[in-house]
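K.L.:
attaching a predicted model along with its sequence, questions to come.
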Amino acid sequence: MATCAFVVNFDGLVGPTHNYSGLSYGNIASMAHGLTVSNPRAALLQGLAKMKFLADLGVKQAVLPPQERPDFDTLRSLGFRGSEAQVVEKAAREAPQILALCYSASSMWAANAATVSPSADSADTRVHFTPANLLSQFHRSVEPPFTAGILKRIFPSEELFGHHDPLPRAMHFSDEGAANHTRLCASYGGSGIELFVYGRTGFDQTDQGPQRFPARQTLEASQAIARLHGLDPAATVFSRQSPEAIDAGVFHNDVISVGNGNVFLYHAEAFHESESVLDELKRKFFGLCGDELILMEVSSRELSVQEAVETYFFNSQLVSLPDGTMSLIAPVESEENPRTRAALERIRAEDNPIAQAHFVDVRQSMKNGGGPACLRLRVVLTEQELASTHQGIIFNDGLYHRLIAWGERHYRDKLHPDDLADPALIDETRNALDEVTGILNLGSIYRFQK
Ligand code: SUG
């Protein structure tokens, strides 16, 4: 019999410098909203409300703290010298783009933090973590060291958890974490199929990838992670994303498919050579779990790739509830669009485990291309693994209210990329981060605290 295990959703807390700097080429929402005014406080509260909603449904929930911003080490490594105020002032004057890169709150999209394999899947029966190197966007490429440190702090037991370094910092191994990784299983505690989706190959120079926008994940990166995590090839599938989908704005595979348990919901144009991928998934799932995988396709007639990108329909969280049914936690943008509403109605009416859809407002994040699923990193844990996890980050009503009060004390309700030049933002951000480490009982995690 499989061990009892569950999914714990680790949501990235939105940082105090959440802003729209138009940094992510190929991410249409980020490109469209660049240089507009954000509301960091509302962004934080929307994220917290989503966590509260899921926790109230009976889903296990935890948080990851924001990263230190601005990233002074990176600013200094790029030649900005002097006191901290001078570094910011010079960067704002000479290279505002660099200042924006070093002020980004992008670690809120925790799905990109790491790839995680549960203990049931790995050869040494430990939970394995590989922080993503996030090489394809500069503002994200500075995230891995902090991510690696915080994951080790939250999951300290070497007996239960295996922590790997981010993959080598070369584009051949460009890795975006769990946004391109889905686990399918009959029960969380039993072995599952791990699906890795990549956009291009790293070493084949003749590879014709997407023509317009970059492919962020390489096959070689995904293969390395599967090796590091000790996954069984019979339980692993590598699939190439459709280059046309990437060119239409599907910069991560979680913008066009979502899976949970024995259900895989995907768009007909998500994959290159879709039929063979789906066959392999079905075959391997049956071989491993002794059961049928429920494949739920959304056709291009029902929803075009463009509509999927506009509404972020597939960036929903598909969660199992204590009563055994599944819920789709979709962005409100999918409720507002009659075509996605109709697709949802069809799915709910059919015979499958998805019993309800709920809509959450994460508009502040959506304007940067991050929907409900982007905001969380799923970690499958057994009771024993959860008990040995740092408890200060576990979400409950008390933490929820403390974090709301914290955000209301420290977060601005308006931030334009030009405001990043304001020297007062340095201390404001620090005070907020310093306090949150206390709230989460994490000790000293930021460079300014050491
Ligand atoms: O990497 N946006 C993020 C959104 C990540 C979404 N994650 C998943 N699909 N899992 C990105 O493109 C925009 C920042 C800015 O433009 O200010 C940004 O980084």
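P.N.:
That came through, no problem. This is a predicted model, so every value here is computed, not measured. Numbers count the residues shown, from 1 in each chain.

K.L.:
who's in contact with the spatially most central residue of the chain?
P.N.:
Most central in the chain under CA atoms, centre = their mean is Ala111, positioned 1.4 Å from the mean C-alpha point. Each residue near Ala111 by CB atoms under 8 Å, 6 or more residues apart in numbering is listed here: Gly177, Ala178, Ala179, His252, Asp254, Ala373, Cys374, Leu375, Arg376, Leu377. For every residue, glycine as well, the C-beta is placed using N, CA and C.

K.L.:
what's the answer for Pro118, then?
P.N.:
Contacts of Pro118 (CB under 8 Å, 6+ apart): Ala5, Val127, Arg183, Tyr188, Gly192, Val379, Val380, Leu381.

K.L.:
returning to that earlier point: so which of the contacts of Ala111 also contact the ligand?
P.N.:
Ala179, His252, Asp254, Cys374 (CB under 6 Å from any ligand atom).

K.L.:
with pLDDT and secondary structure as added columns, please give those in CSV.
P.N.:
Converted to CSV, the ones next to the ligand among the contacts of Ala111 look like this (pLDDT from 0 to 100; DSSP: H, G, I helix; E, B strand; the rest coil):
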residue, pLDDT, secondary structure
Ala179, 98, helix
His252, 98, coil
Asp254, 98, helix
Cys374, 98, coil
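
K.L.:
quick one on the thing from earlier: wait, which of the contacts of Pro118 is closest to Ser157?
P.N.:
Comparing the contacts of Pro118 against Ser157 with CB to CB picks out Val127 as the nearest, at 9.5 Å.

K.L.:
list phi and psi for that closest one.
P.N.:
phi -80, psi 130 (degrees, to the nearest 10).

K.L.:
that one bridge partners, please.
P.N.:
Phe161 (DSSP bridges).

K.L.:
that one touches Glu385, doesn't it?
P.N.:
Yes - the pair Val127 / Glu385 is scored as a contact, 6.0 Å apart, by CB atoms under 8 Å.

K.L.:
which residue of these two possesses the greater neighbour count?
P.N.:
Shown here are Val127 and Glu385; by other CB atoms under 10 Å, Val127 has more neighbours (25 against 21).

K.L.:
so Glu307 sits right up against Thr340, yeah?
P.N.:
Yes - counting by CB under 8 Å, Thr340 is a contact partner of Glu307 at 6.9 Å.

K.L.:
name the nearest residue to whichever residue of the stretch 351-450 of the chain sits closest to the ligand, ignoring sequence neighbours.
P.N.:
The minimum distance from the stretch 351-450 of the chain to the ligand, using CB to the nearest ligand atom, falls at Cys374 (3.3 Å). The spatial neighbour of Cys374 that comes closest, neighbours along the chain excluded (CB to CB, 6 or more residues apart in numbering), is Trp109 at 4.3 Å.

K.L.:
do His390 as well
P.N.:
Spatially, and ignoring its direct neighbours in sequence, His390 is nearest to Ile154 (4.6 Å; CB to CB, 6+ apart).

K.L.:
phi, psi for that neighbour please.
P.N.:
phi -80, psi -30.

K.L.:
excluding its backbone neighbours, what's nearest His410?
P.N.:
In this structure, His410 finds its nearest non-sequential neighbour in Ala432, 3.6 Å apart by CB to CB, 6+ apart.

K.L.:
how about the one you found, what does it touch?
P.N.:
Counting by CB under 8 Å, 6+ apart, Ala432 has contacts Pro16, Trp406, Arg409, His410, Tyr411.

K.L.:
try it again at 10 Å.
P.N.:
When contacts are counted by CB atoms under 10 Å, 6 or more residues apart in numbering, Ala432 touches Gly15, Pro16, Thr17, Pro40, Leu44, Pro66, Trp406, Gly407, Arg409, His410, Tyr411.

K.L.:
got these as TSV, with distance to the ligand columns?
P.N.:
Below are these laid out as TSV (distance: CB to the nearest ligand atom, whole Å):
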residue	distance to the ligand
Gly15	12
Pro16	14
Thr17	10
Pro40	12
Leu44	16
Pro66	14
Trp406	23
Gly407	19
Arg409	24
His410	20
Tyr411	17
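
K.L.:
can you tell me which of those residues are in helices?
P.N.:
Judged by DSSP state H, helices contain the following of these: Pro40, Leu44, Trp406, Gly407, Arg409, His410.

K.L.:
spell out which parts of this protein neighbour the ligand.
P.N.:
Residues of the chain lying near the ligand by CB under 6 Å from any ligand atom: 19-24, 27, 30, 104, 106, 109, 111-112, 137, 140, 179, 252, 254-255, 368-370, 374.

K.L.:
now do the closest residue to Ala114 other than its chain neighbours: how many residues are near it, please.
P.N.:
Distances taken as CB to CB, 6+ apart place Pro131 nearest to Ala114, at 4.7 Å, with adjacent residues excluded. Using other CB under 10 Å, Pro131 has 26 neighbouring residues.

K.L.:
heads up, I number from 383, so please use that
P.N.:
In the new count, where the first residue is 383, that last one comes out as Pro513.

K.L.:
residues in contact with Pro513?
P.N.:
494-497, 525-534, 545-549, 557, 559.

K.L.:
gap between it and Ala769?
P.N.:
Pro513 is 24 Å from Ala769, where distance means CB to CB, to the nearest Å.

K.L.:
equivalent analysis for Thr811, please.
P.N.:
Separation of Thr811 from Ala769 (CB to CB): 34 Å.

K.L.:
these two: who's more crowded?
P.N.:
A count of neighbours by other CB under 10 Å puts Thr811 above the other of Thr811 and Ala769, at 24 against 11.

K.L.:
that one - nearest residue in space that isn't next to it in sequence?
P.N.:
Pro398 is the one closest to Thr811 (CB to CB, 6+ apart), at 4.9 Å.
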